[in-house]
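Novice: below are the sequence and a predicted model for it; my questions follow.
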Amino acid sequence: MLTLAVLIPLLAALVLAFAPLSEAASRWTATGAAALSLIALMVVWAAGGEGFRAVAEVPWIPALGIAWRVGVDGMSLSLALVSALVFVAATAWPMKLHDARAYYAWMAFLAGVSIGLFVTLDLIVFYVFFDLSLVGMYFLIGRWGHGDAQHAALKFFIYTLAGSLLILIGIIVLALNMPTLTFDMRAMIDTPPLAAAGVVPGLVFLAFVIGFGIKTPVFPVHTWLPPAHVNAPGPASAILAGVLLKMGTYGLIRIPLQMMPETFARWALPLAIIGVVSIVWGSIVAFAQENLKRRIAYTSVNHMGYTVLGIAVAGSALGSETARQLALTGAVVEMIAHALITGALFLIAGSVWQRAEDYHLPNFGGLAGTAPRLTGAATLAAFASLGLPGLAGFVAELQIFVGAFGVYPWLAVIGLLGILITAALFLRMLRQMFFGDLPAERKGFTDLNRTETVLLTALLALVVLIGIWPTWLLLLIDAPSLIPAIGAGG
Amino acid sequence: MTLTIVLLGATALVGIGLYGALSQQSFVMLMMGLELMLNGALLAIIGFWSLSLGGMPEGQLMAIIVMAVMAVELAIGFALIVAVYRKRQADVTESIDTLRQ
Amino acid sequence: MIWALAYFPVLAGLAIWAIGGSRATLGAMGAVAAAATLALALVAGGGTGRFVWSELIVLQAALPPLAQSVAILVPAILLPITLFATSQEDTRGLPRLVGLMLVFTGGMELVVIAGDLVTLLIGWEIVGACSWALIGHKWREQAPGPSANFAFVLTRAGDLGLFLAVMATMGATGSASYAALGTLDGVPLALAAFGLLVAAVSKAGQVPFAPWLFRAMDGPTSVSALLHSATMVAAGAYILARLHPQLSAAPGFGAAAIAVGLGTAVLGGIVALRQTHAKKLLAGSTSAQMGLMIATVGAGYPGVAVLHLIVHAATKAALFCAAGVAHRVSGSFDLRRMGLAASLPAATVLTAIAALSLAAVPPLSGGWSKEEMVKALEHAGPLLGALTIVSGGLSAAYATRFAVAAFGPGETRDARTRPGEMAALALLSGGALALSALWLPAVNEPVAAWIGAELPSGSRIGLIASLVAVAFGVLAGVHAARADSTDPTPEWLGLSALYEYAVIRPFHALSQTAADFDDTTIDQSVIRPFQALSQTAADFDDATIDGLAPGAATGAMTGSARAARGAIGIAVQGSAALAALGAGLGERLSDLIPDGTGRVTGMAGADLRRLQTGLAHHYYTILMVGFALAVGLLIFGG
Amino acid sequence: MTDLLVALLAVCAVWTGWRVFRVDSMVRATFSLMLSFVAVGAIGVLLSAPYIGVATVFMMAVEMMVMAIFMVMFMMNPAGLNPMSMVHQHRVSIGAGVLAFFGLAAAILVSRPPSNPVAPDADVVTELGLELLGPSMLIFETAGVTLLATMVGAVILSSRQGRFGSADEGSRPPGLTEGGDPAGQRPDGGGGGHHHHGGHG
Amino acid sequence: MPIGDLAPELAVLLTAVAILLLAMVLPRRSHHWCAILAAGGLGLAMIMGWSQSDAQRLTFSGTQALDGATTWARIVIPGITILCVGLAPRWFATDRRHGEYYAMLLFSTLGALAMAGAADLMQLVLAVLLSSVTGYVLAAYHRDWAISLEAGMKYFLVGALANAILVIGVILVMGMAGSSDYGELAGSIPNDPLALTGLALILIALFFKLGAVPGHTWVPDVAEGAPVPAAAFLTVIPKLAAAVALYRLVALAPGVEALPLLIALASAATMTLGNLCALWQDDVRRLVGWSSVSQSGYALMAVAAAGAVPEALPALLGFMTVYGIANLVAFSVVADLRGRTAISGYNGLLPAQPVAAAALALAFLSFAGIPPLAGFLGKFALFSATLDAGLAWLAIVAVANTVLSLFYYLRVIGPAFFSQPHDGIGTLGGSARAVLWLSVAILIAMTFLWSPIWSALPADLLP
């Protein structure tokens, strides 16, 4: 079933690449593929189970212990689900395009590899999908972006590839230290290959942190993010923020946290500090941005900072187990919430670009009158992003902070600043965009059309649902099962 | 003792040949340098064969191979020189520097 | 059941917003929804609720009598205000206004019923967000947007305290329930207590968070009425009262609450007294009154504080409605341009009741609850009691001044009252009047017993002093109201002059300074000191010497402009500067990692390429150098 | 006695080798090189490798003749009579040569090759023949193929006329477009004659 | 003499001779028959090589090894050469020595095969010589085109010195070790300066064949200047053979402690230099040439791990196979585009020639090691071997270089995919296009067939 969830979009990409479909047909093919993928994942979800489920394995290179292994636990299933959802929204999002068929082919391709990344249980396949996501995004940005798209795409690709190669090195060292050469994640989680003593584990951990840190991104390796976002088409940005960034934090949990818990515990504090710096820095810098997408992009740094803080706390082996579980749950919820919220925000930004070809905030104003639906969606998304209770972001941030406080109180307190500054910056954004006078050149600004409204409503409804009743999600994630055994000694 | 003398002689030839190969502008002179290096090699293998390898037959074969190398390089070298000269009137290394960096 | 208290108004509000309709329809729907909520509050007493998020986070609700009294109060205030809003405010956006007010109420009810800190935090911030939307209701105008943002950010800064309390409580006990809060001690308790205090203080518009209350005046009058009576601002005082049993054990908590509360009470009173903008006067008054309540909680009488909260809610809501009516009739919030007694006799009477209640004139309800607070603070110390009395005098002064200036004698204008407005005013003033029954021990004792309030006993001297202060305050208020429009004349055997020079002038000066202080709090002297100073001087001239409409308008506008440079102004500007620095230097630095490397590499590439000279003898050299190195390494490296 | 002769011949080989780059004409350089070869051949003869020695002498004599003729026929300075000194990176070259010599010499002096002279009564020529057609036949055959390929290659490159007329004509890349010019850069100024002295010492 | 042991080599040799004869008699228009014959002969050699894949012995008195690596060479080298042959017919259509090209190509293939199989230093010398000499001719095959001659000349000049060095080195090793036979040399090369000097000389010469620093200088020149089909051949086949030869040589001297370090340093230098120089190239052929230098550096990673870990040899062979195919894809794109080489000429390639653009992207991304392309699998094998051998620093250098290389690959791919074309882009078509398709298909198929390929690769060598 999981294999199906990966293959359907990939096959759709293949079909789109070669079959001469019309623009509308292409769009629906891609959307349909993502939707089918979503349904397949929901079937897995409905089947329930504990630990890794829906496992399937097909040998690829047995001699090297590499195989097509799929299977999900609560965390990866929830991430795969939200990715599929974001993809449905992003592909269905109406766009004015050249070469639409190729665009949708890349979208479907990206959907396949992104879902694949979350459902695979083989580190090499994981890495394969990790890199393929870069390729897909590179072409999406480069070809359908605007502004200095080529340069942004290049920077994105090179920067993140550097990270991914470090991850590859780390993966190989981990596998080489297994009793028998294998890249099976389950085996590595069950018997973590590297003991904490010595230099090597530290270096491997460093490689993972840098690699995933670039993808996440955390301060100070985040600078590829703003240009990539600014120049990407709206739906691609939504995917970049909603899905691709999660790969970094997902990897951070799956690999260093679960596979080298002792080393992680040693280095948890620096990682947590990085998280906090990202939180504060991301929000402060976002505040200064006058470009709509840059501002949202920097808030991604801020939000992923929360996630990293949560993950670091979870792996710290300090404090109470409760605190660590809370932090990890919060981190995973933050990923999902951020996917939905920032996905929605970037889709909104995409709409704005489609209508105005401009992101400069001072050039806007008073859109609340001409585009009330857009205003409503943006307001809700912005409040969700600034962590308003009753919306998904709060559920995540609350747990992260509470968990972090139990382990690194000072960091948690400093991190709280992020909540305040994000509030300021989002409200400023809302005011600049939607309130006050409507500039003359925005007179013809139209409101969201029906498709856009439906898609945003779906995303934001989920944000509200999680915000009010997160129980189902927290049960699905099942964070206690993610925290490695070493935590018991904490 | 003899071997040392022979080898020193060979070394000197190699050194001189290297000097020539590095310093000569003309293709032909440059190739003479290379030939001289091979000459040194020839001297060395003769010395080794006769004084150190106990007359191992492969030693003589190696000497022949050295000669073959000389001949082959020379032949193909001249063919190239002719071709280049015909097309470009070039006979020194400096005059063919279109391909660079 | 108990949760319905929170989500019913929210859903009803959203539904009303979606359905929309004429004034009458909206009024009817809003009133019905408010009434339904009120009914819910009445029947939900004593109920509890649990809503499980996860093993670790369980949302809890409870409605003990103390809470229930406030839970009833909120919709009870909302009901008249809905009527007021639907008759007074612009029809444009009215469904949104009514709907959001209901949502706002729902948030407040959540705060009230919360049985754990997470639930509290949820309601707390929803209230904040709704206040943002309501203050910014007239989004087409320039002022409300920034003001709404200002208010939200400033209150959220205080909310961080609540976050801290949640973290401390959960960190120490693994649970965030009030019960768990009660088991804390040591550092976690201190963190929780002071965190909550900060949160409450910020919501309640205390020093140093007070400026947002003034900015909030950019919202519609009905919003101000709701915000200042039973919801947002009240949440601060309420939560301290509600959690007093759990928090009082924290060392220094009571003292801090008293210090903040009384300080604000006095300063707020001074500020209010100085204001000529009707709503701002009331806003200053709200700060002061909330300060008194917080101080009372600090003194150990949370029940008394809640009783005053209830009384104050009715009173203040009525006064805001009155201000709204006055504004509609006179076209301005400038007290000196009102004088509507002749035009609006009925409203004048109702306003007078509310104002006198606020002034704590017996036998009105405000008088009773204020006396109880005076007594409570007397218990905390004679000096504190004296300060409370001074503050009471101040409130008497500004309440009187408001009533006299707004509804004093003046020319007759064409003023048709609207039934909704009058109904609201009547209901609220009537409520304040009805609450006067609290003077009767037969009433106040069972009420106090029900909500669990311990009524303090007071000294006679205190009572007398308090009454004298009130009387003095009323006189000063009447005088101040007159002095606004006429030059001070030496009547009453020079007593006026004495007032003028010994009391009023210093008072003016003090209040001007305090107003400036309050408006700009930590001032932006760091950034543009001289400009601010000259601005202040100009304001003073405009407001006091010219006494003309344009001047007042300028004063009001610059007043709000100055408020923008408040504490948050500095924080915002500071962080904007930091952000600009970050976006510039910092980003460039961190961009240097890839770009710098890239550039160096690129240059290396350009340089290294030159090795490939195209000259064969250089290639020979490269080959031989390589060989030499290889030989060296092989021979000496092994 | 043999030692002395060998030493003399070695000196002779080296000296004539040195002369190659010190004479003013290519023809003389060629003859000098030939003498160097002859000296080495003679050493071979002295060191009981008569076949190799003689073969060297003959082969090199022929080779050098070809070279000399070549000079005369093709190259500038045909008679090789004008003074000439065409060197670049001269000091580097000298340094490299000297370094190579001293380095190798040091290596030789440090290393102790086994002393195992050829047996005086060995029939070295027969041994060579047996080796060539026995154990090392593959090597020998490879050498043959190499020579064949070399001849073919040399003819391809240098012969002016082919079966279809001028052999070079049309021997260029296809045009970037049908019938157009080929892609890629071309030598400046048609790739003419003479060097811009690029040699830095 | 066990002639049958050399059946594949003989097939190539005889085909070459047959082509020579055929070229003599065929009319000029029909010279493409020579190509067909060449392909047939190479195919035959592949089959014969395959049929001998079980062999695990030394033959011809220990001068030739028949082992897994030889088998690999006998399949991969003729296989890729067939593809190179396919590029030539239309390219050389106007050449009056069209037929002989294939003969030279086959001689060169023979040299490469001999190099890969050589188990004797003297055989190695001759194999290198055969491969080089024919290589010069192939590079200079456009006798009426100045830079082709220049490329040939440069190749020759560097090669002649390298070969001289090789000869000297072999003599020193022979003289000190007393044998030229790998079987006898294995582990017994003395550790004295003269023998080590000889070893270093041989290494340097093989670096030349491999196109590694310091013998790399010919690669970009040949890639740019040589006829594109010849460039495709020369940047692949001699390298494949040299990689095996180098591995065999390094495996001989396990006692030389600094040898792995030397190789590792050369590896680092090669990949870095290759990538840095490729960075700002405006000529795609030259860029591919420099990239090919850097790829040699990666290949050396496996050589540096030789002996330390069992998967070093499979990693080397696997990587070289992928590299060869990917390089061929790149050159067949260039060939099919009629030698188009200015980087700006590739703007808007995607709309104009989608297949070529996609193939180019595939090849370049494979070079960069983007999974799941075969290039990644090759690089993955290299990284594993290197890390397992404890050369983590080298792996990190390789990572940095990979990132660096992506930059210039994207400098081509980006405009090709994202820009608009300025004029029509002509193609050669015919067999060149067929080769393009075929090589792309092989490149893609290798991803899926990696498991059988990997398990078929030999883990160790004779002797």
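Specialist: Yes, it's here.
Novice: contact partners for E:Ala73?
Specialist: E:49, E:112-113, E:116-117, E:240-241, E:244 (C-beta atoms under 8 Å, 6 or more residues apart in numbering or on different chains). To be clear about C-beta, it is placed using only N, CA and C from the backbone, and glycine gets the same treatment.
Novice: and for E:Pro371?
Specialist: With C-beta under 8 Å, 6+ apart, E:Pro371 has these contacts: A:124, A:127-128, A:131-132, E:377, E:380.
Novice: that one and chain D, how far apart?
Specialist: Distance, E:Pro371 to chain D, using C-beta to the nearest C-beta, to the nearest Å: 33 Å.
Novice: can you pull the pLDDT of that residue?
Specialist: pLDDT recorded at E:Pro371 is 86.
Novice: same check on D:Gly179?
Specialist: pLDDT recorded at D:Gly179 is 81.
Novice: closest to A:Leu181 among the contacts of E:Pro371?
Specialist: Distance to A:Leu181 across these (C-beta to C-beta) is lowest for A:Ile124, with 11.2 Å.
Novice: quick check: what element follows the helix or strand hosting that closest one along the chain?
Specialist: Using DSSP states H and E, A:Ile124 sits within helix A:123-144. Going down the chain from helix A:123-144, the next helix or strand is helix A:149-176, by DSSP H and E.
Novice: helix or strand right after that following helix?
Specialist: helix A:185-190.
Novice: and that next one, what does it pack onto?
Specialist: In this structure, helix A:185-190 makes packing contacts with helix A:123-144, helix A:258-259, judged by 3 or more C-beta pairs under 8 Å, 6 or more residues apart in numbering or on different chains; DSSP states H and E.
Novice: the shortest one: how far from the chain's middle?
Specialist: Which is helix A:258-259. Relative to its chain's centre, helix A:258-259 lies at 20 Å (C-alpha atoms, centre = their mean, to the nearest Å).
Novice: D:Val152: which of the helices and strands packed on helix A:185-190 is closest?
Specialist: Closest to D:Val152 of the helices and strands packed on helix A:185-190 is helix A:123-144 (C-beta to C-beta; 46.3 Å).
Novice: quick one: that closest one near chain C?
Specialist: No. Applying C-beta under 8 Å from any C-beta of the partner chain, one finds helix A:123-144 separated from chain C by no less than 14.7 Å.
Novice: looking at chain D, which helix or strand is least sure?
Specialist: None of the helices or strands of chain D scores lower by mean pLDDT, DSSP states H and E than strand D:161-162, at a mean of 77.
Novice: could you list the contact residues of the stretch 1-150 of chain E toward chain B?
Specialist: Checking the stretch 1-150 of chain E against chain B by C-beta under 8 Å from any C-beta, the hits are E:122, E:125-126, E:129, E:133, E:136-137, E:140, E:143-147, E:149-150.
Novice: where does the prediction get shaky in chain E?
Specialist: Where chain E drops to pLDDT under 70, the residues are E:1, E:463.
Novice: and which of the contacts of E:Pro371 is nearest to chain B?
Specialist: The closest of those to chain B turns out to be A:Asp131 (C-beta to the nearest C-beta; 31.4 Å).
Novice: my guess is the closest one contacts E:Ile370. True?
Specialist: Yes. Here A:Asp131 reaches E:Ile370: they are 5.2 Å apart, a contact under C-beta atoms under 8 Å.
Novice: joint contacts of these two?
Specialist: Common neighbours of A:Asp131 and E:Ile370 (C-beta under 8 Å, 6+ apart) are A:161, E:376.
Novice: may I ask you to confirm that C:Gly99 is in contact with C:Leu11?
Specialist: No. Using C-beta under 8 Å as the test, C:Gly99 is too far from C:Leu11 to be in contact (10.2 Å).
Novice: neighbour count: the two, which is higher?
Specialist: Neighbour count, other C-beta atoms under 10 Å in any protein chain shown: between C:Gly99 and C:Leu11, C:Gly99 has more, with 26 against 15.
Novice: in what helix or strand does the residue lying closest to that one once chain neighbours are set aside lie?
Specialist: Ranked by C-beta to C-beta, 6 or more residues apart in numbering or on different chains and with sequence neighbours excluded, the top spatial neighbour of C:Gly99 is C:Trp17, at 2.9 Å. Using DSSP H and E, C:Trp17 sits within helix C:4-19.
Novice: returning to what we had before: so is the least confident helix or strand of chain D next to chain E?
Specialist: Yes. Contact of strand D:161-162 with chain E (C-beta under 8 Å from any C-beta) involves D:Gly162.
Novice: now find how far off-centre that strand is within its chain.
Specialist: Taking the mean of its C-alpha atoms, strand D:161-162 sits 27 Å from the chain's own mean (C-alpha atoms, centre = their mean).
Novice: how many residues are close by the residue of the stretch 151-300 of chain E at minimum distance from chain B?
Specialist: Minimum separation of the stretch 151-300 of chain E from chain B (C-beta to the nearest C-beta) falls at E:Gly175, amounting to 3.5 Å. E:Gly175 is flanked by 28 other residues according to other C-beta under 10 Å.
Novice: with adjacent residues omitted, what lies nearest to it?
Specialist: Among residues not flanking E:Gly175 along the chain, B:Phe48 sits closest, at 3.5 Å (C-beta to C-beta, 6+ apart).
Novice: helices and strands around the helix or strand hosting that neighbour, which ones?
Specialist: When secondary structure is defined by DSSP H and E, B:Phe48 falls within helix B:27-51. Other elements packing on helix B:27-51 under the criterion 3+ C-beta pairs under 8 Å, 6+ apart are helix B:2-23, helix B:57-88, helix D:2-20, helix D:26-46, helix D:50-74, helix E:146-177.
Novice: quick one, it and helix D:26-46 angle?
Specialist: Interaxial angle of helix B:27-51 relative to helix D:26-46 (axes from the mean of the first three to the mean of the last three C-alpha atoms, to 10 degrees): 10 degrees.
Novice: in chain E, which residue sits nearest chain C?
Specialist: For chain E, C-beta to the nearest C-beta, closest residue to chain C: E:Pro214, 2.6 Å.
Novice: how near is the residue nearest to that residue when sequence neighbours are not counted to D:Gly103?
Specialist: Leaving aside its chain neighbours, E:Pro214 sits nearest to C:Gly626 (2.6 Å; criterion: C-beta to C-beta, 6+ apart). Distance from C:Gly626 to D:Gly103, counting by C-beta to C-beta, to the nearest Å: 14 Å.
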